[in-house]
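[1] all I have is the shape, not the residue letters:
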């Protein structure tokens, strides 16, 4: 079961929540607290809920599969590995700086644009770059998962991440923007520090292990020298000098090297264009910035007529304005980019199909994890035992208490993979017992910070569990790696919350 450790953890989590539906009564808030009694989950529900999850959230799993297929085709293009090698060569001697830049960019894109799911398109490429720079898979996970959750924790203009909070509480989306920026900055500093610390620690550990292996091999060779002929000894030494730098497991994360000459600039341009479209398409222009510019631009393009014929409107079909795109809309961009690249680099049709199939197979495990995590969301939605827990915790104190609110916010993130569902599960009830609207901006910060923090370790974290599955890292190993950063972030958040209350 070690091979499928992530599946094991997610399935255990699912079964625990199923058990809770038998232990705890269900309740919901709709103008008042409504106790439903126990709404138990049955055996048939266990197998029907994944279908429900697919019907509502299957597009996310489909997006993961398409990204896998895209990279399967890229692996058939020699220019892709050449591009990676050129980048790694440029980064030589500046690897730590490059890792830091990667973390800052991912955190900013998540914080400002709400791109934690959209950026999945570039995660396999970042993993390959990090491994080719000589780092291990834990470093890749720290860079990608860590920076994504720091971006969530310090969300600024990512309206798709936290826009539902002010819509529930009635405060402004821009409230406490300075505090959010401070949390984002402090989170990035701590993440970069811990990642660099891990890298240095691994270097020391690797040197010790290399020394031990060298001593062991020396003794072994000395012993063999007494029993073997001079010719055999020379052959043995030659064989011992071969160093394996990659395991078969790593080979699936890094494209095969090519000795042929390849032109990389067309690939680079296509990838840059894909990135630009991604950013423009997922920024909530109206929600975050209050501008209708993208809606107006979309209308102008689709209604533009040539001799009375809406040329672009007919060619593009039904296309949403930038700022209103979903992952399915972006799939069109990915597949179009893939098609153009296969034409430019003259990839045979059979190789395209073969590569896409292999890529989808590689992405199958993360996609299945996605379905299971949203199955958990279906359970917590159809069997709302959460509010019973939240009511008990919030009832410990009268009115608003930042620490009980923080605990409830952590639990709501733990029970719900999607931030919108996490916030919706407890905020309406919280606002009914905390009637002083002056506290709402602080509550907004507490909730988004708690969600980002808990998603660093929660078995219901989509980015975390998907990445651990993709990299084949055990959940236990991740917890051992991340606990110090988690504790540091917790202390920082508590200090910031205390300051906000005292101000």
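    Looks like it came in fine. Please read these numbers as outputs of a predicted model, since none were measured by experiment.

[2] give the contact list for residue 379.
    By CB atoms under 8 Å, 6 or more residues apart in numbering, the contact list for residue 379 reads 14, 17-18, 21, 41, 45, 49. C-beta coordinates here come from the backbone N, C-alpha and C atoms, glycine included.

[3] hmm, try it at 10 Å
    Counting by CB atoms under 10 Å, 6 or more residues apart in numbering, residue 379 touches 14, 17-18, 20-21, 41, 45-46, 49, 52-53, 385, 415.

[4] relative to the whole chain's centre, how far out is stretch 190-203?
    In this view, stretch 190-203 has its centroid 20 Å away from the chain centroid, taken as CA atoms, centre = their mean, to the nearest Å.

[5] related to what we said a few turns ago, neighbour-wise, which of the contacts of residue 379 leads?
    In terms of neighbour count, residue 415 stands highest of the contacts of residue 379 at 27 neighbours, by other CB atoms under 10 Å.

[6] pretty sure that one sits against residue 460.
    Yes. Using CB atoms under 10 Å, residue 415 is in contact with residue 460, at 7.0 Å.

[7] can you work out which residues contact both of these two?
    With CB under 10 Å, 6+ apart as the test, residue 415 and residue 460 both reach 13, 17, 376-377, 380, 422, 454.

[8] among those residues, which are located in strands?
    Within the shared contacts of residue 415 and residue 460, no residue falls in strands by DSSP state E.

[9] buried among those? Make that a ChimeraX selection.
    Buried members of those, defined by 16 or more other CB atoms under 10 Å, are picked up in ChimeraX with:
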select :13,17,376,377,380,422,454
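
[10] which one of the shared contacts of residue 415 and residue 460 is nearest to residue 336?
    When those are compared for distance to residue 336 (CB to CB), residue 377 wins out at 31.1 Å.

[11] find the nearest non-adjacent residue to the closest one, please.
    Nearest non-adjacent residue to residue 377, counting by CB to CB, 6 or more residues apart in numbering: residue 417, 5.2 Å away.

[12] what about that neighbour, which SS state?
    Classification of residue 417 using DSSP: H, G, I helix; E, B strand; the rest coil returns coil.

[13] and it, how many neighbours?
    By the measure other CB under 10 Å, the count of residues near residue 417 is 26.

[14] let me see the contact set for it.
    Residues near residue 417 by CB under 10 Å, 6+ apart: 57, 60, 370, 372-377, 380, 455, 458-463, 465.

[15] repeat that with 8 Å
    Each residue near residue 417 by CB under 8 Å, 6+ apart is listed here: 373-374, 376-377, 460-462.

[16] let me see the mean pLDDT of the helix or strand containing residue 185.
    For residue 185, the element it lies in under DSSP states H and E is helix 177-227. Averaging pLDDT along helix 177-227 yields 76.

[17] lowest average confidence across helices and strands of the protein, where is it?
    Ranked by mean pLDDT, DSSP states H and E, the weakest helix or strand in the chain is helix 230-240, scoring a mean of 43.

[18] if we can go back for a sec, closest one of the contacts of residue 417 to residue 334?
    Of all those, residue 334 sits closest to residue 462, with 18.8 Å by CB to CB.

[19] ok, that closest one touching residue 373?
    Yes. Residue 462 lies in contact with residue 373 (CB atoms under 8 Å); the separation is 5.5 Å.

[20] out of the two, which sits in the more crowded spot?
    Of the pair residue 462 and residue 373, residue 373 is the one with more neighbours under other CB under 10 Å, namely 27 against 24.

[21] coming back round to it: helices - which of the contacts of residue 379 land there?
    Among these, the members found in helices (DSSP state H) are 14, 17-18, 20-21, 45-46, 49, 52-53, 415.

[22] quick check, nearest of these to residue 8?
    residue 14 (10.8 Å).

[23] could you report the distance from the closest one to residue 436?
    Separation of residue 14 from residue 436 (CB to CB, to the nearest Å) stands at 38 Å.

[24] also residue 458?
    Residue 458 sits 30 Å away from residue 436, taking CB to CB as the criterion.

[25] okay, the two: which has more neighbours?
    Neighbour tally, residue 458 and residue 436, criterion other CB under 10 Å: the higher count belongs to residue 458, 21 against 8.

[26] got the phi and psi for the more buried one?
    In terms of degrees, to the nearest 10, the main-chain angles of residue 458 are phi -70, psi 140.

[27] that one contacts residue 413, doesn't it?
    Yes. Residue 458 is in contact with residue 413 according to CB under 8 Å; the separation is 6.5 Å.

[28] and of the ones in helices among the contacts of residue 379, the nearest to residue 429?
    So of the ones in helices among the contacts of residue 379, ranked by how close each gets to residue 429 (CB to CB), first place is residue 415, at 14.2 Å.

[29] OK, contacts around that closest one?
    Contacts of residue 415 by CB under 8 Å, 6+ apart are 17, 376, 380, 386, 422, 425, 460.

[30] how close does the spatially closest residue to the first one that is not a sequence neighbour get to residue 392?
    For residue 17, ignoring the flanking residues on the chain, the nearest one in space by CB to CB, 6+ apart is residue 379 at 5.2 Å. Spatial separation of residue 379 from residue 392 under the definition CB to CB is 20 Å.

[31] with residue 163 instead?
    Per CB to CB, residue 163 is found 29 Å from residue 392.

[32] with neighbour numbers in mind, choose between these two.
    Neighbours were counted for residue 163 and for residue 392 using other CB under 10 Å; residue 163 has more, 19 against 10.

[33] ok, and the closest non-adjacent residue to that one?
    For residue 163, ignoring the flanking residues on the chain, the nearest one in space by CB to CB, 6+ apart is residue 287 at 5.3 Å.
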